[in-house]
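Asks: can you look at this prediction? I've put the sequence above it.
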Amino acid sequence: MSTIPITPDAADEPWVLPDRGTVGMACLIIAESAIFVIFVVAYIFYMGQSLGGPTPRQVLELPIFTTICLLSSSFTLHWAVAALRKSRVGGFTAWLALTVTLGAIFLIGTGMEWYHLIYIDHLTIQTNLFGTTFYSLVGLHATHVIVGLLMLIAALIFALTGHVNEKHAHRMDVLSLYWHFVDAVWVVVFTVVYVLGR
Amino acid sequence: MADSVTSLSAVETIDVTPAEKPRQLFLEVVYDWITTVDHKKIGLMYIAYSLIFLVVGGIEAIIMRIQLAVPHNTFVSPEVFNRMFTLHGTTMVFFVGMPILFGFGNYLVPLMIGARDMAFPRLNAFSFWISALGGILLYYSFVGGVGLYGAGSAPDVGWFAYAPLTAKVFSPGHSTDYWTISILLSGIGSIGTALNIVATVLCMRCPGMKLNRMPLLSWLYLVTSSMVFIAISPLTAAQIMLLLDRYVGSHFFDTQAGGSAVLWMHFFWIFGHPEVYILVLPAFAFANEIIPVFSRKAVFGYPAMVAASVGIGFISMSVWAHHMFAVGMGAGANVFFVFSTMIISVPTGIKIFNWLATIWGGKIRFASPMLFSVGFLFQFLIAGLTGIMLSVAPFDWQLTGSYFVVAHFHYVLVGAILFMIFAAFYYWYPKVTGRMMSERLGKWHFWLMVIGFHMTFDFMHIPGLLGMPRRIYTYEPGRGWEIWNLLVSVGALIQAIATLIFIYNLVHSYYKGEKAGNDPWDAWTLEWSTASPPPAYNFATTPVVHSRRPLWDIKHPEDPDWNYE
Amino acid sequence: MAGMFIHSSSYLAQSSTSIFSPAGTPSRWIFTLSMFVLSITGLIFLVVAGLLTYALIRYRHRNLLTYNEPTQIYGSNQIELAWTVIPALIVVMLFLTSSRVILATQDAKKPADAVDVVVVGHQFWWEYRYPKLGIVTANELHVPVSDPAHPTPTYLEMSSADLDHSFWVPRLAGKMDLIPNRVNTMWIDPDTAGLYLGQCAQYCGVQHAKMLLRVYADTPKEFAAWVAQQQKPAVEDPAVAEGREVFLHNACVNCHTITGTMANGRFGPDLTHLASRDTIASGAVVNNAANLKQWIDNPDSFKPGALMPPMHLNDHDLNAITAYLTTLH
């Protein structure tokens, strides 16, 4: 059974509501931030509490290069979306490819750092509280980078196969929010682990 | 402007669907439900799922109460008893409480804000199915949890799973992992649904429904869902840490490596306390809709109700360590948490007083929804008062970890939340099914619940005051605990009977209930303007509203609400 | 609800573990505070529930034949302000009284004559060490009665060897958790000689329910006698020399200590003065030869899931060891 309940009536002012993609992504970012906060709290709580094993000062070096790559990738992604809004799909594809490259460099750099820490410095997640909190926090962040990168690669493939046009600019914008969030988390992780923690 | 709204009465309808729907094959029906993204069907699946687990959790409670009816009883072994209280708590919180409240939210929120569906229908379906998987996984543990020494089977670490009891060394086998992973899955589902509710409420309201014209139910679901993001995530994080400890050798809660058992407690209760407010806020939501309709008065103090709800949401994030008063925190920390916990009683009290003022001067009809709402009001008042007792840290040093606390939180969970859930069932069942539930059975259900509930949970306070701790599979005679435990157990059986009557009523009324029509209660919010059950698209044309009670405006064109808002 | 408590508090006070029959300063402070809190919450209940009951009766819809909606009232700033401010004031009052007791209890100055006990929680028994007196015992805590004129409280420094436990003797004080890798402190000062009961209040595994507490408040003379006896090394009764040999050649020594012998295991309770205790298995059963023999043979028969394994001794060895242990006063 269906019914026609109430006569629609012209509203006095235009009825404008927030965009659900942006709101949804904002909610996701808030939830993920809460998870990161807990891992950061654990990191700070256990600073200096390890009973033995390597300390941050002994084994950590500032990851300047990879940080610059990751943070720049936010800018390149922003320019990619701006290009798409102006229907410049070629420009969009180029900036997006650069973003993916920079993100990949970050991950490779992290992988190299971990290789060194595990095999040369003998620091694993089992070694001590520092190892536990370091690998879990940086690893959680790296996992988020991987997920973001996969989504950006998917978008890149769509762009390269000619399926993207200016109508998709808003969705890319919402996706870019996630990437900016990942970068913002890195700023926090970098500060806590490599600056305050050493 | 006013004229065009009143030109079509809410009760005038034009039927435009064909007279007969083609009959569907059973498999077609099953396929339809499994693949649906319709918020109403998903809501009903959540509710059906939680009713099944309500019965399961209830059986676990009955088993415990039989074991505790007399001292030194041998009805079940200590191992089985410990699994029972773990599963009872875990099931009731994660696989009854959360799903049933999300189920009602899923069904009602779009209807009440004049939307056609939730913001993200496919995410909605995904959230339901992953939560459902969590529950199944938890119970699969009985079969799959076997590990060393036959240890394993279902989890037995308590629903808050304190470290280091959950470390591999103290909980070998996989039982603890079933606990962890099933709740992780349920948490993902909860975050998905909460995200959906927030996006729906913010982005899909019908024209004219500004935030301060939304039904209070939508406000409360907005606040609840926002809390989910900040509350569930700490638990997710802590459980990831626990899994890492158990399988990868990390040391988050490994006290032998310098780790802290108290850290788990902090993380758990940073989740756990907002969680109980997440469970109770929807009960407030139902009360805000039902009490005005059955008192025939608008809710008293809408802006204060909104402010109080938001306030409760915020303050509840700052009270968690009142679960840890006996853990040895410094006096400063204890004092802070006493204060924050006591402060939350102010907005909570405001809500109770506003409900009282809504009833005051009204014309009260005591149909089943209102009976359960009245039970809620008295019982929530008492629960709040025992909560204030517990917020007094020195008093809590005696009472925490005892049956007094168990009585207090069951007073909230059963006396307040479950009673309001029953009220919500009686109230919205006609909308969902097109038929009324039996009032006669409803009254039997209500009175048996009241008798059973009070018999169990009033008397349960006393063993706590007499020194009986919780989570013990048996107790020593001669401490004065015996008679109270026996009475508590008898009350549990009475509540079980009441619940069975309710379930029978649900099923029987579906086939034999009196036809309801669109608006059997003469209510005022948008869901009552469409058919019972609503068509798949909810509203043929998007409604436009001009006040908090759109149907009141239509029924009382001489005195519409917008003159007073 | 509060009225029911107050009325029945004399009944409640008769129980040996009631929080309403305090026998020491911390529990007495809590009792006074709780009476104050109960009266306030009781008053609130009477007022609010009274108004609610009145409203429900007075405003019933009586004449169902006529139907006009009642006057719609949407709010009232003055009333809403009143019921915000008054509860806030009550909260402030409760907060201040609670804080006073918190600070008094947690920051109490330790008198010079205090007795120090180190408490270590285990699955499923209590270890007690008196560092200044050189005593190690288990499951039955002896403390001196404290005279208010000349206080001799007992300060407990508490930790755990495995996982979380909680020390709760309601008539003496609120509970305090025992947490591994952490030291918590509390104090008790029983004012009357006698036995005070309690049990572990933090779920710690299968036999949490049987991790019982027995605190003996001794008169000064009794306490001195007890201390003197506990300070002695283990009794060496030649009549049970065989039993002693059997004990020392069995796995018992891996878990238990008997001072003066080579048995120095720390996993299980110290047995040096086992026969001086009224109970075994952490208060679960009376300490007599028959129970002791059954316990050694199969601990699961009293406490299924206890961490002491069944020793699978033959009858002869079992009797010999039991006879030996019953001489350890």
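Replies: Nice, I can see it.
Asks: for the rest of this, base every contact and every neighbour count on C-alpha atoms.
Replies: Noted.
Asks: would you map the helices across chain A?
Replies: A:20-45, A:56-59, A:64-85, A:89-115, A:129-160, A:169-189 (DSSP state H).
Asks: got CSV for those helices, with mean pLDDT too?
Replies: CSV is the format used below for the helices of chain A (pLDDT from 0 to 100):
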stretch, mean pLDDT
helix A:20-45, 97
helix A:56-59, 93
helix A:64-85, 96
helix A:89-115, 96
helix A:129-160, 96
helix A:169-189, 96
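Asks: excluding its backbone neighbours, what's nearest the residue of the stretch 101-250 of chain B found nearest chain C?
Replies: Residue of the stretch 101-250 of chain B nearest chain C, by CA to the nearest CA: residue B:164 (5.4 Å). The shortest distance from residue B:164 to any non-neighbouring residue, by CA to CA, 6 or more residues apart in numbering or on different chains, is to residue C:163 (5.4 Å).
Asks: what number of residues lie near that neighbour?
Replies: 26 (other CA atoms under 10 Å in any protein chain shown).
Asks: same thing with the one 4 residues further on?
Replies: Other residues near residue C:167 number 25, with proximity taken as other CA under 10 Å.
Asks: now stretch C:43-56: how far from the chain's centre is it?
Replies: 38 Å (CA atoms, centre = their mean, to the nearest Å).
Asks: tell me the buried residues in that stretch?
Replies: C:44-45, C:48-49, C:51-52, C:55-56 (16 or more other CA atoms under 10 Å in any protein chain shown).
Asks: need the contact partners of it.
Replies: Contact with stretch C:43-56 is made by B:356, B:359-361, B:364, B:378, B:381-382, B:385, as judged by CA atoms under 8 Å, 6 or more residues apart in numbering or on different chains.
Asks: C-alpha coordinates for that stretch, PDB please?
Replies: Only the C-alpha atoms of stretch C:43-56 are listed here, as PDB (Å, rounded to 0.1, in the frame of the first residue of the first chain):
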ATOM      1  CA  LEU C  43      15.300  12.300  50.200                       C
ATOM      2  CA  ILE C  44      15.700  12.900  46.500                       C
ATOM      3  CA  PHE C  45      13.900   9.600  45.800                       C
ATOM      4  CA  LEU C  46      11.000  10.400  48.000                       C
ATOM      5  CA  VAL C  47      10.500  13.900  46.500                       C
ATOM      6  CA  VAL C  48      10.800  12.900  42.800                       C
ATOM      7  CA  ALA C  49       9.000   9.600  43.000                       C
ATOM      8  CA  GLY C  50       6.400  11.200  45.100                       C
ATOM      9  CA  LEU C  51       5.800  13.900  42.500                       C
ATOM     10  CA  LEU C  52       5.800  11.300  39.700                       C
ATOM     11  CA  THR C  53       3.300   9.200  41.500                       C
ATOM     12  CA  TYR C  54       1.100  12.200  42.200                       C
ATOM     13  CA  ALA C  55       1.200  13.200  38.500                       C
ATOM     14  CA  LEU C  56       0.400   9.800  37.300                       C
END
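Asks: any idea of the mean pLDDT in that stretch?
Replies: Here stretch C:43-56 scores 97 as its mean pLDDT.
Asks: same deal with stretch B:117-127?
Replies: 97.
Asks: now for the residue in the stretch 201-329 of chain C that chain B sits nearest to: which residues touch it?
Replies: Closest approach between the stretch 201-329 of chain C and chain B, counting by CA to the nearest CA: residue C:209, at 4.5 Å. By CA under 8 Å, 6+ apart, residue C:209 lies in contact with B:471-475, C:199-200.
Asks: please flag which of those residues sit within strands.
Replies: Within the contacts of residue C:209, residues falling in strands by DSSP state E are residue C:199.
Asks: so where's chain C shaky on pLDDT?
Replies: C:1-15, C:63-66 (pLDDT under 70).
Asks: pick out the residue of it closest to chain A.
Replies: Counting by CA to the nearest CA, chain C gets nearest chain A through residue C:181, at 12.0 Å.
Asks: spatially, which residue comes closest to that residue, not counting chain neighbours?
Replies: Nearest to residue C:181 is residue B:255, by CA to CA, 6+ apart, at 5.6 Å.
Asks: and that neighbour, how far from residue C:36?
Replies: According to CA to CA, to the nearest Å, residue B:255 stands 40 Å off from residue C:36.
Asks: show me what the helix or strand where residue B:294 lies is packed up against.
Replies: According to DSSP states H and E, residue B:294 maps onto helix B:261-295. The helices and strands touching helix B:261-295, judged by 3 or more CA pairs under 8 Å, 6 or more residues apart in numbering or on different chains; DSSP states H and E, are helix B:98-112, helix B:216-248, helix B:302-315, helix B:345-359, helix B:368-391, helix B:419-433.
Asks: now the fourth one: average pLDDT?
Replies: Think helix B:345-359. On average, helix B:345-359 scores 96.
Asks: just want the angle from that helix to helix B:368-391.
Replies: Interaxial angle, helix B:345-359 versus helix B:368-391 (axes from the mean of the first three to the mean of the last three CA atoms, to 10 degrees): 160 degrees.
Asks: show me what contacts the closest residue to chain B within the stretch 1-150 of chain C?
Replies: Proximity of the stretch 1-150 of chain C to chain B (CA to the nearest CA) peaks at residue C:18, 3.9 Å away. With contacts defined as CA under 8 Å, 6+ apart, residue C:18 is in contact with B:465-467, C:12, C:170-171.
Asks: now with 6 Å?
Replies: B:466-467 (CA atoms under 6 Å, 6 or more residues apart in numbering or on different chains).
Asks: ditto for residue B:159
Replies: Per CA under 6 Å, 6+ apart, neighbours of residue B:159: B:86, B:89-90.
Asks: now with 8 Å?
Replies: B:85-87, B:89-90.
Asks: for residue B:199, same thing?
Replies: Counted by CA under 8 Å, 6+ apart, residue B:199 has contacts A:20, A:23-24, B:119.
Asks: just residue B:469 next, same as before
Replies: By CA under 8 Å, 6+ apart, the neighbours of residue B:469 are B:401-403, C:199-201.
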